[in-house]
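# Predicted coordinates and the sequence they were generated for:
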Amino acid sequence: MIKKKKIAEASIPTASMADIAFLLLLFFLVSTVIDVDTGIGLTLPEYVPPEEQEQVKVDPDRMAAVLINENGDVLIDGQFVAVHQIKQNLKPRITSKIDLPMNKKLIVSLKTDRKTVYNVYINALDQIKLAFFEVRDEYSNSRFGNKYDNLTPEQQKEVRDAVPIIISLAEPEIVTS
C-alpha cells in the first residue's frame with residue numbers, strides 16, 4: 001500500500017500581529033489632526049473693580065444702541081429691525097462720522113437679554129462688523145482706489161483711523177420677576 005505524504009498546511013505567523021496593530025494605532029494617533037474650535041476672537045478688557053471704574057459721559061449722538069430681547073427681536077435706537085437689516089441701518093451712521101476726530105466716532109453698543117439665543121447674538125455681532133468692514137472698503141476705494149485688503153500697511157492704518165471699529169458689548173441685565 002502506498003502511504004500518502006502528509007503535506008504541512010501553510011500558516012501565517014501571528015506572533016507579531018499585536019505589535020503591528022499597536023504600531024498602526026500609534027501611527028494614526030500621531031498623524032491625525034484634531035480640529036479644535038477656537039471660539040469667537042474677542043479681546044476682552046482687563047478687569048477693573050467697580051469702585052475703581054471711571055464713568056465717562058458719551059454724547060448720545062455717538063451711540064448706536066443695538067438691543068436684542070429673548071425672542072430675537074432687534075431694536076436699533078428704539079426701532080424694530082430684522083437681524084439681517086442691522087448692517088443697512090448702521091452703515092449711514094458710520095459713514096457720517098468718517099471725517100470727525102476719534103472722540104466723535106460712532107460707538108455701537110450691543111446688549112442682549114440673558115435668555116437670548118446665542119445664534120441671534122452672533123448673527124447680530126457679524127452684521128455690526130460687516131457694516132464697519134463695508135464702510136472701510138468704500139472709504140479705501142474712494143481714497144486709494146482699492147479694497148482695504150489690497151492696501152499697504154500704512155494705507156490700512158489710515159483707513160483704520162478714519163473708520164475705527166468701536167463695539168461695546170454691554171453686560172446683560174439681571175431681570176427679577
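Cool, got the structure.
# What's the end-to-end length of stretch 59-79?
End-to-end span of stretch 59-79 (Cα to Cα, to the nearest Å): 19 Å.
# List the contacts of stretch 104-112.
Contacting residues not belonging to stretch 104-112 are listed as 58-59, 62-68, 90, 93-94, 97, 121, 124-125, 128, 164, 166-173 [Cβ atoms under 8 Å, 6 or more residues apart in numbering]. C-beta: built from backbone N, CA, C; applies to glycine.
# what about it, distance to the chain center?
In terms of Cα atoms, centre = their mean, to the nearest Å, the centre of stretch 104-112 is set 17 Å apart from its chain centre.
# what do you get for stretch 142-158?
Relative to its chain's centre, stretch 142-158 lies at 23 Å (Cα atoms, centre = their mean).
# before we move on, back to that, now the contacts of stretch 104-112: which count as buried?
Listed as buried from those are 62, 64-68, 90, 93-94, 97, 121, 124-125, 128, 166-167; burial here means 16 or more other Cβ atoms under 10 Å.
# so which strand or helix has residue 158?
helix 153-162 (DSSP states H and E).
# one step back: may I ask which two of the buried ones among the contacts of stretch 104-112 are separated the most?
Distance extremes for the buried ones among the contacts of stretch 104-112: the farthest pair is 97 and 121 at 24.8 Å, using Cβ to Cβ.
# Which stretches in the chain count as helices?
If DSSP state H is used as the criterion, the helices of the chain fall at 17-31, 86-96, 118-144, 153-162.
# what's the pLDDT at the residue minimising distance to the centre of the chain?
Central residue of the chain (Cα atoms, centre = their mean): residue 40, 4.2 Å from the mean position. On pLDDT, residue 40 comes in at 71.
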